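S.K.: I would like the atomic coordinates for the input below:
(chains A, B, C and D)
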2 protein chains.
Amino acid sequence: MRASDKAYAALREDIIEWRLLPGTVLAEVEQSERLGISRTPLREALSRLTAEGLTTTAGGRGVVVTGISLEDIDELFELRETLEGKAAALAAERGDAATFERLRDELRQAPALISGEDPARHAYYGLVGRLDAAIDAAIHNSYLAQAMRSLRVHLVRVRRLAADDAERLTAAAAEHAAIAEAIAAGNPRLAEAATTLHLHRSLTHVKATHVPH
Amino acid sequence: MRASDKAYAALREDIIEWRLLPGTVLAEVEQSERLGISRTPLREALSRLTAEGLTTTAGGRGVVVTGISLEDIDELFELRETLEGKAAALAAERGDAATFERLRDELRQAPALISGEDPARHAYYGLVGRLDAAIDAAIHNSYLAQAMRSLRVHLVRVRRLAADDAERLTAAAAEHAAIAEAIAAGNPRLAEAATTLHLHRSLTHVKATHVPH
DNA sequence: CCCTGCTTTCGTGTATACAAACCCCCTTGT
DNA sequence: ACAAGGGGGTTTGTATACACGAAAGCAGGG
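M.R.: Residues are numbered from 1 along each chain as shown, chains lettered A, B, ... in the order given. Here you go, the predicted structure:
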């Protein structure tokens, strides 16, 4: 693995997990020494993070970790609704029914995973990730998939702000199952509606349990 | 101006204007010597281009200029319709009416610009750019604006493939005027419909006059 | 004649040294 | 006392040298 990849992954993880708080300045020598690499690969890592929007260059004062305000969350979900709604509709038109039927069945059994402890809950997140991946593959549109991928980075960060209690996760699993069901049924408008519903409830939950940093 | 910015701007221009054709390998030493800079800033420029999707890293063998297939154009416009349709609707809800009324009036007088020679036609492209900028500002959503900006790079590249005859440009100006009119009227659904119509016609034109490279 | 293994060579990945720009702070003048 | 200008120090921007890896070419054997 390249040193720049290692630095990129480490910094990205630190930012997403809120170990590096917004406003933190990432000085090149300091971070390169912390990660045990040279400045050159670190600069490439910082470039990638800045391109993703996780950091911003603060004019001569190094790069700083970007923050996420309440307004940002609204904007983020506004775009997310647009993109994922369209993606769900396209998946319903173009996707393979059997794939999404399987995902629907798994999602209906997800409450068993959620009630358990952390390893099981991790399995649930993996399941949701597989649904996202299946939609990405089904839409047959690399540009849309790319746009959604770049969004998900910020969304994971937002999710870490909210309290993922078992109750909300159970409800979310049901909503995801409804999306998978609509896609499997080949009903674009229903798939879009189910996605809109899910995202609205998700946004409401995030804003209700949000703890400002 | 930094050397990396200079290299980035130069390479980006070369790719968009099809002076660097798809499949061209951009070797680091070769390009750094051509642009009169060192490898370090050139690498940063290539990183940025790759993040934008104008180039792709070819697994250890340098970066190559990406191509745009007919399928890519379809995918590009599918995403564009989603994003710009939403943006037009949001602009109609949140934008300042006076701003878009002025743009509508200017666009209605655009045929005079188009019939002229290149400098006047350049003024027309600038006018369309101002409409885009006005929409970007009106939506009050930096993430959506960012997504549209990253799309426009590829769209400019596609536009260079099509023949921009005066007839099509005159029609496009009328379609743009209709969009501005709908936004100024504060009618989101109409604004979205006008955008959808414009993009469909634009796509049809591109595919009709498309010359494969 | 073809296949395989080695060698050479080119190209990227990384480290480090140097240069320039910027900020902070201190000093000085009003 | 406050503002403006200069100097020191820190930080980024750039160049270059070196190391590692892969790919292409060549030679030898089957």
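
S.K.: Only C-alpha atoms from now on, for both contacts and neighbour counts.
M.R.: Will do.

S.K.: Next, the distance between the ends of stretch A:104-112.
M.R.: One end of stretch A:104-112 sits 14 Å from the other (Cα to Cα, to the nearest Å).

S.K.: in that stretch, what's buried?
M.R.: A:R104, A:E106, A:L107, A:R108, A:Q109, A:A110, A:P111 (16 or more other Cα atoms under 10 Å in any protein chain shown).

S.K.: Residues of chain A that sit close to DNA strand C?
M.R.: Neighbours of DNA strand C within chain A, by Cα under 7 Å from any atom of the strand: A:1-5, A:36-41, A:59-61.

S.K.: Skipping its backbone neighbours, what lies nearest A:R43 in space?
M.R.: Closest residue to A:R43 apart from its sequence neighbours, by Cα to Cα, 6 or more residues apart in numbering or on different chains: A:E28 at 7.2 Å.

S.K.: Isn't the one you found up against A:G62?
M.R.: Yes. Between A:E28 and A:G62 a contact is recorded at 7.5 Å, counting by Cα atoms under 8 Å.

S.K.: Neighbour count for these two, which is higher?
M.R.: Legend: neighbour count by other Cα atoms under 10 Å in any protein chain shown for A:E28 and A:G62, higher for A:E28 (17 against 14).

S.K.: Could you list which residues are in contact with that one?
M.R.: A:E28 is in contact with A:R39, A:L42, A:R43, A:G62, counting by Cα atoms under 8 Å, 6 or more residues apart in numbering or on different chains.

S.K.: which element is the residue lying closest to the first one once chain neighbours are set aside on?
M.R.: Nearest-residue entry for A:R39: A:S32, 5.6 Å, with adjacent residues in sequence omitted and distances by Cα to Cα, 6+ apart. Here A:S32 sits within helix A:28-35, counting by DSSP states H and E.

S.K.: Narrow the buried residues of stretch A:104-112 to those in strands?
M.R.: Per DSSP state E, strands hold no members of those.

S.K.: between those residues, which is nearest DNA strand D?
M.R.: When the buried residues of stretch A:104-112 are compared for distance to DNA strand D (Cα to the nearest atom of the strand), A:E106 wins out at 39.0 Å.

S.K.: list the contacts for that closest one?
M.R.: Shown in contact with A:E106 (Cα under 8 Å, 6+ apart): A:L127.

S.K.: do you know how far it is from A:A174?
M.R.: Separation of A:E106 from A:A174 (Cα to Cα): 11 Å.

S.K.: Summarise which helices and strands the longest helix along chain A is packed against.
M.R.: Looking across chain A with DSSP state H, the single longest helix is helix A:70-94. In terms of contacts (3 or more Cα pairs under 8 Å, 6 or more residues apart in numbering or on different chains; DSSP states H and E), helix A:70-94 is packed against helix A:118-139, helix A:142-159, helix A:166-184, helix A:188-209, helix B:70-94, helix B:142-159.

S.K.: From the rest of the structure, what touches the last one?
M.R.: If you take Cα under 8 Å, 6+ apart as the criterion, helix B:142-159 is touched by A:75-76, A:79, A:147, B:16-18, B:52, B:54, B:68, B:73, B:76, B:80, B:83-84, B:87, B:136, B:139, B:206.

S.K.: Can you turn the buried part of those into a ChimeraX selection?
M.R.: Burial among the contacts of helix B:142-159 is assessed by 16+ other Cα under 10 Å; the matching ChimeraX selection reads:
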select /A:75,76,79,147 /B:16,17,18,52,54,68,73,76,80,83,84,87,136,139,206
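
S.K.: out of the contacts of helix B:142-159, which touch DNA strand D?
M.R.: Here nothing survives when these are matched to DNA strand D using Cα under 7 Å from any atom of the strand.

S.K.: For chain A, which helix or strand comes out least confident on mean pLDDT?
M.R.: Here the helix or strand of chain A ranked lowest by mean pLDDT, DSSP states H and E is helix A:110-115, holding a mean of 79.

S.K.: Chain B contacts on chain A?
M.R.: Within chain A, the positions near chain B by Cα under 8 Å from any Cα of the partner chain are A:44, A:47-48, A:51, A:75-76, A:79, A:82-83, A:86, A:141-144, A:147.

S.K.: What is the three-state secondary structure of the residue lying farthest from the centre of chain A?
M.R.: Of all residues in chain A, A:G60 has its C-alpha farthest from the mean position, at 30.7 Å, by Cα atoms, centre = their mean. Classification of A:G60 using DSSP: H, G, I helix; E, B strand; the rest coil returns coil.

S.K.: how about the helices and strands packed on helix A:70-94 in JSON lines, adding distance to B:V128?
M.R.: As requested, the helices and strands packed on helix A:70-94 are arranged in JSON lines below (distance: least, Cα to Cα, whole Å):
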{"stretch": "helix A:118-139", "distance to B:V128": "31"}
{"stretch": "helix A:142-159", "distance to B:V128": "23"}
{"stretch": "helix A:166-184", "distance to B:V128": "38"}
{"stretch": "helix A:188-209", "distance to B:V128": "32"}
{"stretch": "helix B:70-94", "distance to B:V128": "14"}
{"stretch": "helix B:142-159", "distance to B:V128": "12"}
